[in-house]
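Trainee: the sequence and its predicted three-dimensional model are supplied below.
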Amino acid sequence: MLNKTKQNKNIKLDSLMPLVTYAPFTLFPTPVPKEDFFQAVAVQTHYNTLVDKISRDPEFLQDALASTITVDDFTAKLFKIHEQILKEGRSQSIVLGLNRSDYMLDQREDGMSSLKQIEINTFAASFGGLSSRTPDVHRHILKVAGRLEESQRIMDNNPAAGLAAAVAKAWELYGSERVKRKIKPNFFCLCSRNISTIRKRFEDVWKTGSLDQDKRLFVNGQEVAVVYFRNGYMPQNYVSEQAWDARLLMERSLAVKCPDISTHLAGTKKVQQVLTRPGVLERFFPDQPQVVEQIRATFTGLYTLDMGPEGDKTVAMALASPDRFVLKPQREGGGNNIYGSEICQVLERLKESTERMAYILMDKIHPSPAHNFLLTQGTPLQISNCLSELGVFGAYVRQGEDMVQNECVGHLLRTKSSNHPDGGVAAGVAVLDNPLLV
Ligand code: ADP
Ligand code: MG
Ligand code: MG
């Protein structure tokens, strides 16, 4: 990886050294019980369906987020876009969903582990690319260490291919719809050989983007079939009102959005909490009790902080034993959660204020630690007590009522020192790993 801020065309090779680094990884793969691993894989297509169903249920999203959007400006701004799209009517019936459901294996009293969801990311779920490369790294290390049998047990993993295939499918459907409408008959034939991609900032889209009378999106004069948002999940990503205007422009367009605004909202932590309320999963799967059971089995306790007796109870519970919980705002990207005594500080300050509704409370999950070496540039090599988080990638494409594709496309294992409560590779805490099924 090159440090972008220091790029210089005349760099000599030896001066590159401090600028080039590697993605951090564990020296050895981490043992993961196969029952837990396959449970996470098996539930993924149901999570895909659930996210998709939530995104198509404006009444549910309105009810679930009503309290949050009165106090959380960022979620409120997203919600406003969502409302505008509903008012105008969605222009595109093709939906592309790429997500990653994250879990930790909670250590139970009987000595077994239990797969518990940390969160689901419906926006820019990352490491599909790098986790396609890590199996070979661990295979090699284990071989060198003389652990041949284990080396052969490292599973293949290629989320990047599965995610890209779903993007390609959405692109193809966009093209074939266009052919049907006879707007430009050659479009599909020409592009199917080579999907071209462009990477733009919100500001660029604001400057050079436009919609034609059919709401087709053009950026720099090129028609866009699929918008994949790599950015836009944090308030800091919207540096100006122009960035918000650009998001709205893309949302209104005929381009397939990944995610569209309602799928973005379906991935909020408030929605995650509301899903654990009695009867909510049944709303989405009325005739599939086994699906409800499969999803619900991965839930841990999540509690509302809305105003009222239920929220008051949550406050009292958290203040009484803060170490049992994690306090979460509606934010993404790692480093935003609140733990331990800080939970008391925040809740003492906010407990009488509606501002507490910007958060949810969650049971802390306690995975069993394992020893490993975390290889991060610039840190001395030492054995650490580590905790791991398993992510499973989902990809789906829907066209109108037809779920064209719904798959689990790979996994990710991230490991961090148990000294850090919060994780995240981008946040500089967790490193890439591979599960070694046991
Ligand atoms: P983000 O969207 O910022 O990634 P997460 O909900 O994934 O937010 O939380 C960030 C990190 O905090 C996780 O990767 C995990 O390490 C830790 N964490 C979050 N929730 C829990 C929990 N309930 N129990 C234990 N650790 C948690
Ligand atoms: Mg997240
Ligand atoms: Mg996370």
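Mentor: Good, I have the coordinates. Ligands and ions are numbered 1, 2, ... in the order given.

Trainee: for ligand 2, what are the nearby residues on the stretch 101-250 of the chain?
Mentor: Contact residues (CB under 5 Å from the ion) of the stretch 101-250 of the chain with ligand 2: Glu119, Asn121. Every residue, glycine included, has its C-beta placed from N, CA and C.

Trainee: and the residue in the stretch 101-250 of the chain that ligand 1 sits nearest to, which of the three is it?
Mentor: Nearest residue of the stretch 101-250 of the chain to ligand 1: Glu119, at 3.9 Å (CB to the nearest ligand atom). Taken by DSSP: H, G, I helix; E, B strand; the rest coil, the conformation at Glu119 corresponds to strand.

Trainee: which helix or which strand is home to the closest residue to it other than its chain neighbours?
Mentor: Of all residues not flanking Glu119 in the chain, Asp102 sits nearest, at 5.6 Å (CB to CB, 6 or more residues apart in numbering). Under the criterion of DSSP states H and E, Asp102 resides in strand 94-107.

Trainee: how far off centre is that strand?
Mentor: When distances are taken as CA atoms, centre = their mean, to the nearest Å, strand 94-107 is centred 6 Å away from the chain's centroid.

Trainee: so which bits of it are buried?
Mentor: 94-106 (16 or more other CB atoms under 10 Å).

Trainee: which helices and strands does that strand pack with?
Mentor: Under the contact definition 3 or more CB pairs under 8 Å, 6 or more residues apart in numbering; DSSP states H and E, strand 94-107 sits against helix 34-55, strand 113-121, helix 159-180, strand 256-258, strand 383-399.

Trainee: tally up the residues packed near Met112, please.
Mentor: Per other CB atoms under 10 Å, the neighbour tally for Met112 reads 12.

Trainee: what ranges does the stretch 301-438 of the chain have for its strands?
Mentor: Here the stretch 301-438 of the chain has its strands, by DSSP state E, counting those that start in this stretch, at 302-303, 325-329, 338-339, 359-363, 370-375, 383-399, 402-417, 431-433, 435-437.

Trainee: how about a markdown table for those strands, with mean neighbour count and distance to Met112 added?
Mentor: Listed next are the strands of the stretch 301-438 of the chain as a markdown table, based on neighbours: other CB atoms under 10 Å; distance: least, CB to CB, whole Å:
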| stretch | mean neighbour count | distance to Met112 |
| --- | --- | --- |
| strand 302-303 | 20 | 22 |
| strand 325-329 | 21 | 23 |
| strand 338-339 | 18 | 26 |
| strand 359-363 | 23 | 17 |
| strand 370-375 | 17 | 16 |
| strand 383-399 | 23 | 16 |
| strand 402-417 | 21 | 19 |
| strand 431-433 | 25 | 22 |
| strand 435-437 | 20 | 16 |
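
Trainee: now the ones you listed in CSV, with distance to ligand 2 and mean pLDDT?
Mentor: Formatted as CSV, those follow (distance: least, CB to the ion, whole Å; pLDDT from 0 to 100):
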stretch, distance to ligand 2, mean pLDDT
strand 302-303, 14, 98
strand 325-329, 10, 98
strand 338-339, 15, 98
strand 359-363, 13, 98
strand 370-375, 21, 97
strand 383-399, 10, 98
strand 402-417, 12, 98
strand 431-433, 17, 97
strand 435-437, 20, 98
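
Trainee: mind putting the ones you listed into a markdown table with distance to Leu254?
Mentor: Formatted as a markdown table, the strands of the stretch 301-438 of the chain follow (distance: least, CB to CB, whole Å):
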| stretch | distance to Leu254 |
| --- | --- |
| strand 302-303 | 37 |
| strand 325-329 | 34 |
| strand 338-339 | 41 |
| strand 359-363 | 35 |
| strand 370-375 | 46 |
| strand 383-399 | 13 |
| strand 402-417 | 18 |
| strand 431-433 | 37 |
| strand 435-437 | 40 |
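
Trainee: can you lay out the ones you listed as JSON lines showing distance to ligand 1?
Mentor: Below are the strands of the stretch 301-438 of the chain laid out as JSON lines (distance: least, CB to the nearest ligand atom, whole Å):
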{"stretch": "strand 302-303", "distance to ligand 1": "9"}
{"stretch": "strand 325-329", "distance to ligand 1": "4"}
{"stretch": "strand 338-339", "distance to ligand 1": "8"}
{"stretch": "strand 359-363", "distance to ligand 1": "4"}
{"stretch": "strand 370-375", "distance to ligand 1": "14"}
{"stretch": "strand 383-399", "distance to ligand 1": "5"}
{"stretch": "strand 402-417", "distance to ligand 1": "7"}
{"stretch": "strand 431-433", "distance to ligand 1": "12"}
{"stretch": "strand 435-437", "distance to ligand 1": "16"}
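
Trainee: and these: which comes nearest Phe74?
Mentor: strand 325-329 (9.4 Å; CB to CB).

Trainee: where does pLDDT dip in the chain?
Mentor: 1-18, 176-194 (pLDDT under 70).

Trainee: how about the residues of it near ligand 1?
Mentor: With CB under 6 Å from any ligand atom as the criterion, the chain comes near ligand 1 at residues 102, 104, 118-119, 326, 328, 332-334, 336-337, 362-365, 389, 422-424.

Trainee: OK, contacts around Arg414?
Mentor: Phe127, Ser388, Glu389, Gly391, Gly423, Gly424, Val425, Ala430, Val431, Leu432, Asp433 (CB atoms under 8 Å, 6 or more residues apart in numbering).

Trainee: look up which residues are beta-bridged to it.
Mentor: Counting by DSSP bridges, Arg414 is bridged to Glu389, Leu432.

Trainee: which residue is nearest the middle of this protein?
Mentor: Asn121 (2.0 Å; CA atoms, centre = their mean).

Trainee: OK, contacts around that residue?
Mentor: Per CB under 8 Å, 6+ apart, neighbours of Asn121: Asn99, Arg100, Ser101, Asp102, Gly267, Glu332.

Trainee: separation between it and Val51?
Mentor: According to CB to CB, to the nearest Å, Asn121 stands 10 Å off from Val51.

Trainee: please enumerate the shared neighbours of these two.
Mentor: Residues touching both Asn121 and Val51 by CB under 8 Å, 6+ apart: Asn99, Gly267.

Trainee: sorry, back to before: can you tell me which of the helices and strands packed on strand 94-107 is most buried?
Mentor: Comparing the helices and strands packed on strand 94-107 by mean neighbour count (mean count of other CB atoms under 10 Å), strand 256-258 ranks first with a mean of 26.

Trainee: direction included, what does it pair up with?
Mentor: Sheet pairing of strand 256-258 (DSSP bridges) gives strand 226-228 (parallel).

Trainee: hang on, the earlier thing: ok, so of the contacts of Asn121, who is nearest Thr30?
Mentor: Once CB to CB is applied, the member of these that ends up nearest Thr30 is Asp102, at 15.0 Å.

Trainee: wait, that closest one touches Ser388, no?
Mentor: No - between Asp102 and Ser388 there is no contact under CB atoms under 8 Å: 10.8 Å.

Trainee: contact partners for the residue nearest to Glu119?
Mentor: Asp102 touches Gln117, Ile118, Glu119, Ile120, Asn121, Glu389, Leu390, Gly391, counting by CB under 8 Å, 6+ apart.
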